[in-house]
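1. Next comes the sequence, and after it the predicted model I'd like to discuss.
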Amino acid sequence: MTDNEHTNHSADKAPDQAASIQDKQARIPDRLPVMPLRDAVVFPFMALPLTISSKRFIKIIDDVMETEQSMFAISMIHAPKRDEEWSPGPDDVHHTGSVVTVVKMMRMPDDSVQCIVHGVSRCKLSDFTQPDPYMTAAVTPLEEDEPDANDQELQALAHNLRENFGKFSEASGSVPAEFVMMVLNINDLNRLADVLSTVGNITPDDRQRVLETVDLRERLNLVNRLLLKTLEVVEIGKKIQSKVKDSMDKTQREYVLREQMKQIQEELGERDEKSVEVEDFRKKIEAAQMPEEANKAALRELDRLMRMPPSAAEYNVIRTYLEWLTELPWSKSTDDNLDLKNAQKVLDTDHYGLEKVKDRILEFLAVRRLKENMKSPILCFVGPPGVGKTSMGRSIANAMGRQFTRMSLGGVRDEAEIRGHRRTYVGALPGRLIHSLRRAGANNPVIMMDEVDKIGNDFRGDPASALLEVLDPEQNIDFLDHYLDVPFDLSRTLFIVTANVLHTIPDALRDRLEVIEIPGYIEKEKMEIAKRYLIPRQTDANGLPAKHISFQDAALRHIISQYTAEAGVRNLEREIGRVCRKVARDYSMGKKQKVAVTPAKVEKYLGKPRRQPSKAERLSVPGVAIGMAWTPVGGDILFIEANAMPGAKRLTLTGKLGDVMKESAQIALTCVRANAKKLGVPEDFHEKNDIHIHVPAGAIPKDGPSAGVTLFTALVSLLTGRRVRSDMSMTGEISLRGQVLPVGGIKEKVLAAHRAGVKVILLPEKNKVDYEEVPAEVRKQLKAHFLKNLDQLVKLAFEEEQGKKGAGKVREIIKKHGGAGGKKQPVKQQVAKDK
């Protein structure tokens, strides 16, 4: 790598020197050392001083001087830093250069070398190698045109060129007289063009163009144009200098010099840092292909930026705003993969089950294939944690070939998180939605909004209300972010919203969502998910060989039933991970034999079971019934206990019950009192006794109307002494007239009862349609009865072998202990004692 200290070339040479150069032209070697030049071009028959500091290239000079050979001098396209050791390749240098000889060399105190090289011939690089200690290349000479003395056009071009050079030397006043005389005495038109391309401020890139132009006529025209441009710059500079000089005084000298530099840069097409930045923004605005309104706003702010000094406080505010506008994907989009078979394959590979979700996505792709400009649906996946809502969103993006981005809305309380801050605020930025679009880099990504049911609100606004515009296909075509203050089209974006519950989502927002419920997995589905995804993932995560560990089906069932209690598979994966870590520990200590995980090894690795399966064990005393409950994490069963004791008509409710569930208990008690005779209950039982109803676990809040039939059943069981079937659970709301009313969450409740080992379920008649959504495999293992009224409930809920003996015993105890002076013993305890 070389530094060119003096760019003045010399073309005069003695006759014997010219003859020597012609001899060297005739005997150019097959391969030559390559000398890259920084900001310099060597022409044939011209001298150029060089300063060389790189050891690699000093070696070239030493070898050339020692062997009296030539070298190939070629200009670099991208010059590195001056002190950088660099080894250029074919793409880093121009392919046309000059074969040169080293005329003189001098070593300097700083270990650099100064030398003078003389051009021999125009050549083109044809083969490039880079062995140590320096690179070499094969070159092909370029034959120059022989000028025809009778060609009047060539002679006119040469005359015009000499005349323009005379004007330039006169205008600039810096060209030596000797150089002018030398130019006037050059008869070879090839040499004339080459020499005049080195005068003035002609750039190295333009000189390289002259070197590459072999045709003499084209070269003369090119040099003439470059010389005219240089002459024009000199004349403009003189005008500027004259204008500035008129108003100049001693105190303004520094200012005037800066103005002069500024004017020169403008005339040359160069700009200062601010001008370069403005021009870059202008190019970005054109490339962004914004809508008309956004484009006008961008150009308006760009004009303000041009008129504003960089030191102004608002300069960076406008600059940041323009960066956001130009970086958004206004016109960039990805092509949808509408291959339905491929989408089905991707979804099935990533997830087991979830057929409703898969069908809906395939329907969307099918319609999208038929109608390109359709509006994207707003899907809402509702289900307990760990059922695959978020990962399904990522699989949908993969299946469609779209970008995927996710934003969590849990705990968001500020409307500006969605719509952005107005630019009048310090530190204002766009909302999360615009951030997601910039991150995706396309205007049609899949954007997943997690935990939409956990959005809050306070004095800063209501984010859920801001989402009404975002999640409405009729409105989001012109979504307006407060920061951008120009509309952005969101109609091509596929939004997927996730939630654990629906009742906390505002009605107006829920109305815009297409809800798809994901209730949870049955045991068979969990086992398949564990085999296909969880076990391989945890095996790899813990560094075990793929075939080193295997899980028996019985071991997986043991983990599912006795170590996890969930609708999803998140805890199941944690427990499998714990087993893999135990095995990994043994493997690291040298135990290399394969491990087959059995139920016994599960207990060895995980300890004793943390929960017994919630099987409805045979109830030993009356007054207990099993209900089914819906929870945000799936479904569960709950035991409702009732007890009676001498007292004064009080109804005590415990177990942290909500208002609706307390009212259900009141309704259940009223139904029992109203139908006491029909049920075989003493008609005055309420006059002299207190009723206590408790729903374990006491620390967990419970509410809802669906426990009505269970509360009624527990009271009837208590007061008649008849035990409720131990393999039965029930759900449903009751009315004062004894009707059984429909409730929600049937699928989650039934799955929870199935997990608990229940065999018979009682459901409201009007929930029969909801029961059809329960997986067929679960329905085969359950016997379902559908109730219209409480009479059907009484016929189905109790064990038949009790007969009337238990009922008589309860009535006898109530009568015996009904007085205020008797010893108050709970009826349930007394029945057990009398037995």
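-> Everything's here; your move.
2. Keeping just the C-alphas, turn stretch 640-654 into CSV.
-> The C-alpha trace of stretch 640-654 is given here as CSV (Å, rounded to 0.1, in the frame of the first residue of the first chain):
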residue,chain,number,x,y,z
ILE,A,640,-69.1,-29.3,49.4
GLU,A,641,-69.7,-30.2,53.0
ALA,A,642,-72.9,-29.5,55.0
ASN,A,643,-73.6,-30.0,58.7
ALA,A,644,-76.5,-29.3,61.1
MET,A,645,-76.6,-28.6,64.8
PRO,A,646,-79.1,-27.3,67.3
GLY,A,647,-79.5,-23.6,66.9
ALA,A,648,-81.8,-20.9,65.7
LYS,A,649,-82.3,-20.9,61.9
ARG,A,650,-78.8,-19.6,61.0
LEU,A,651,-77.1,-20.5,57.8
THR,A,652,-73.3,-20.2,58.1
LEU,A,653,-71.2,-20.2,54.9
THR,A,654,-67.4,-20.6,55.0
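3. Give the other helices and strands that the strand of greatest length in the chain contacts.
-> Using DSSP state E to define each element, the chain has its longest strand at strand 113-129. Under the contact definition 3 or more CB pairs under 8 Å, 6 or more residues apart in numbering; DSSP states H and E, strand 113-129 sits against helix 15-26, strand 31-38, strand 47-52, helix 55-67, strand 71-75, strand 96-107, strand 136-141. Yep, even glycine has a C-beta here, placed from its N, CA and C like the rest.
4. Those: lowest mean pLDDT?
-> The stretch with the lowest mean pLDDT among the helices and strands packed on strand 113-129 is helix 15-26, at a mean of 50.
5. In the stretch 501-650 of the chain, where is pLDDT below threshold?
-> 612-620, 633 (pLDDT under 70).
6. What ranges does it have for its helices?
-> Here the stretch 501-650 of the chain has its helices, by DSSP state H, counting those that start in this stretch, at 507-510, 523-529, 535-541, 553-562, 570-588, 599-606.
7. okay, those helices in JSON lines with distance to L227 and mean neighbour count next?
-> Shown next, in JSON lines, are the helices of the stretch 501-650 of the chain (distance: least, CB to CB, whole Å; neighbours: other CB atoms under 10 Å):
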{"stretch": "helix 507-510", "distance to L227": "72", "mean neighbour count": "15"}
{"stretch": "helix 523-529", "distance to L227": "79", "mean neighbour count": "18"}
{"stretch": "helix 535-541", "distance to L227": "70", "mean neighbour count": "17"}
{"stretch": "helix 553-562", "distance to L227": "86", "mean neighbour count": "19"}
{"stretch": "helix 570-588", "distance to L227": "77", "mean neighbour count": "18"}
{"stretch": "helix 599-606", "distance to L227": "87", "mean neighbour count": "17"}
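8. Per the annotation, how does this structure divide into domains?
-> Per the record, the chain has its domains at 3-141, 152-237, 273-327, 340-517, 523-606, 616-834, by automatic domain parsing.
9. among those, which is nearest I264?
-> Checking the domains of the chain against I264 by CB to CB gives domain 152-237 as the closest, at 6.1 Å.
10. Quick one: mean pLDDT for the closest one?
-> The predicted model gives domain 152-237 an average pLDDT of 85.
11. Over to stretch 457-474?
-> 78.
12. Am I right that A625 is in contact with M730?
-> Yes - with contact defined as CB atoms under 8 Å, A625 counts as touching M730 (7.2 Å).
13. What helix or strand is D472 located in?
-> Assigned by DSSP states H and E, D472 falls within no helix or strand.
14. Could you pull up the residues touching it?
-> D472 makes contacts with I378, R512, as judged by CB atoms under 8 Å, 6 or more residues apart in numbering.
15. Common neighbours of A625 and M730, please.
-> With CB under 8 Å, 6+ apart, A625 and M730 have common neighbours T710, T713, A797.
16. Do a quick rundown of the helices in the stretch 701-835 of the chain.
-> Under the criterion DSSP H, counting those that start in this stretch, the stretch 701-835 of the chain contains helices at 708-720, 746-755, 768-771, 776-780, 790-797, 805-816, 827-834.
17. ok so, going back, just give me the least confident of the shared contacts of A625 and M730.
-> Note: of those, the lowest pLDDT belongs to A797, at 85.
18. Nearest residue to that residue in space, please, no chain neighbours.
-> Excluding its sequence neighbours, the residue lying closest to A797 (CB to CB, 6 or more residues apart in numbering) is T713, at 5.0 Å.
19. what do you get for L192?
-> Distance criterion CB to CB, 6+ apart; nearest residue to L192, sequence neighbours excluded, is I186 at 4.8 Å.
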